[in-house]
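> Quick one: sequence and predicted model below, then my questions.
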Amino acid sequence: MGLLNRPSDGQLSVLLAFRRALLLRGPLPRQELLDLCAPRTLWASAQPGDDEKKDEANKKEQYQARITLTRWLEIGFFIQEENEEQTISLAPAFKQPGLDSKDPAPLRTALRRLVFSPANNPQILAEERDSEVAGRCADLTRGACWVLAQNSYAFPGGKWSDVDELIKEQVSTRPMPIQNDTRWYAYRDDYAPFLGLGWQSPLPGVGARLISDPTEAVLDELPGTFEGTRELPIGRFLERLAERLPVIDGGTYRQQIEEHLRKKDVWMPHASHEVSTSLSRALIRLEESGVIQLPTRSDAPEEKVLLGRDNAPFQRVSHVVWTRAA
């Protein structure tokens with residue numbers, strides 16, 4: 001099992017409905033919360049008929065809501081009291097006043113930190129499918145690392161069959177970065193866009209293509225990365241950013257996945273002085289929007305090369321300057 005397995009572990013949209021209900025109503029008994037967000041009037045069991053059959057049908061029809069609540073209780077988004085009503089409340093990190101604003105960034109950041117926390121990813125390369133071993137969010141973490149490690153401009157990003165073919169070319173040993181079509185579409189359509197790790201582009205005949213681009217996630221983490229300063233050497237900037245986003249270049253999880261990919265010698269890593277195309281795209285977009293500047297100084301001890309299409313060098317950078325522009 002895992003977070004991306006929607007039939008068994010619930011859906012992101014249901015999670016957000018639960019959170020909204022708890023923000024508006026406060027802590028609620030478990031069944032009351034389920035009835036509020038997955039009301040009986042929506043189901044066939046609400047139609048006239050035998051009461052016993054209606055109760056049984058209602059239990060089945062609330063299945064997605066129940067499994068979503070259970071999984072996110074395990075992950076740490078909710079807290080359940082040990083009382084008769086099993087009262088559900090939001091974990092402290094998810095009921096801060098700033099998280100209820102129209103700006104999605106605070107909630108996106110808090111959720112991203114939870115799912116990428118060490119507690120939810122103890123052994124992301126464990127071959128066992130048991131989420132207790134690999135981690136409750138390990139499938140999401142593996143998928144994010146793998147997608148962000150690909151050539152952002154050439155990655156298929158649409159149909160599962162194309163993504164699956166690329167995985168089979170690059171990986172020969174378990175665990176696979178993305179296990180099946182269910183998990184791929186959950187990542188493509190739900191988690192990558194919501195967590196700021198990519199965005200969707202219309203693709204004729206397919207519906208949507210995921211563009212691997214962590215611009216929003218990088219933007220969210222700039223205040224913590226700079227820690228009160230306005231300028232950092234590029235090497236130090238990338239180190240600090242990877243501590244906060246462990247799925248990007250140099251991040252703890254990313255390094256593990258890259259080592260996993262090297263076993264087959266098909267995927268080609270970028271050089272130590274280069275920045276992956278996905279992260280390069282994010283930095284270039286942030287510079288173009290006026291949020292950061294990426295100067296190259298002749299006396300700098302270190303430079304990094306941002307990569308563009310076909311992995312071609314696009315821009316040399318020695319420092320990152322945060323302008324704090326919106």
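Yep, that arrived. What you are looking at is a predicted structure, and each value in this text was computed from that prediction instead of being measured.
> so what's G207 up against?
By CB atoms under 8 Å, 6 or more residues apart in numbering, the contact set of G207 is G158. C-beta coordinates here come from the backbone N, C-alpha and C atoms, glycine included.
> For it, grab phi and psi.
Note on G207: backbone dihedrals following degrees, to the nearest 10 are phi 110, psi -60.
> low-scoring pLDDT stretches of this structure, where are they?
1, 43-60, 128-133, 325-326 (pLDDT under 70).
> hmm, 80 instead?
1-2, 40-61, 97-102, 127-134, 203-206, 324-326 (pLDDT under 80).
> How about the secondary structure of L210?
Following DSSP: H, G, I helix; E, B strand; the rest coil, L210 is assigned to strand.
> quick one, what contacts it?
Counting by CB under 8 Å, 6+ apart, L210 touches V147, F155, G157, G158, Y187, R188, A192, P193, G198, W199, Q200.
> Show me what it is bridged to.
Beta bridges link L210 to Q200 when assigned by DSSP bridges.
> My read is that A21 contacts A38, right?
No. At 10.6 Å, A21 does not count as touching A38 under the criterion of CB atoms under 8 Å.
> Looking at the two, which is more packed in?
More neighbours surround A38 than the other of A21 and A38, with 21 against 17 (other CB atoms under 10 Å).
> Which residue, other than its chain neighbours, is closest to the more buried one?
Computed as CB to CB, 6 or more residues apart in numbering, the closest residue to A38 that is not its neighbour in sequence is A65, at 3.9 Å.
> Number of residues surrounding that neighbour?
Using other CB under 10 Å, A65 is surrounded by 22 other residues.
> tell me the contacts of it?
So, once contact is read as CB under 8 Å, 6+ apart, A65 ends up touching G10, V14, L34, C37, A38.
> so how far is W72 from it?
Counting by CB to CB, to the nearest Å, the separation of A65 from W72 is 11 Å.
> what is in contact with these two at once?
Common neighbours of A65 and W72 (CB under 8 Å, 6+ apart) are G10.
> what does the helix or strand containing L222 rub up against?
Element membership of L222 [criterion: DSSP states H and E] is helix 215-226. Here helix 215-226 makes contact (CB under 8 Å, 6+ apart) with 105, 108-109, 112, 195-197, 232, 237, 240-241, 244-245, 248, 279, 281-283, 285-286, 291-292, 322.
> try 6 Å this time
Outside helix 215-226, the residues that touch it by CB atoms under 6 Å, 6 or more residues apart in numbering are A105, T109, G196, L197, R240, L241, R244, L245, A282, R285, W322.
> what secondary structure does V163 sit in?
helix.
> For it, give me its contacts.
By CB under 6 Å, 6+ apart, the neighbours of V163 are P156, W184.
> measure it to G205 for me?
To G205, V163 is 15 Å away according to CB to CB.
> Can you report how many residues lie near the nearest residue in space to V321 that is not next to it in sequence?
Closest residue to V321 apart from its sequence neighbours, by CB to CB, 6+ apart: Q293 at 4.1 Å. Neighbour count for Q293, taken as other CB under 10 Å: 16.
> quick one, what contacts Q86?
Neighbouring residues of Q86 by CB under 6 Å, 6+ apart: R30, Q80.
> looking at this, L36 is in a strand?
No. Going by three-state DSSP, the assignment for L36 is helix, not a strand.
> What residues does it make contact with?
A21.
> Ok, L148 next?
Counted by CB under 6 Å, 6+ apart, L148 has contacts S212, V247, S278.
> And the strands in the stretch 51-200 of the chain, which stretches?
78-80, 87-90, 198-201 (DSSP state E, counting those that start in this stretch).
> what's the second one packed up against?
Same thing as strand 87-90. Here strand 87-90 touches strand 78-80, going by 3 or more CB pairs under 6 Å, 6 or more residues apart in numbering; DSSP states H and E.
> And for the last one?
Using 3+ CB pairs under 6 Å, 6+ apart as the contact criterion, the elements in contact with strand 198-201 are strand 209-212.
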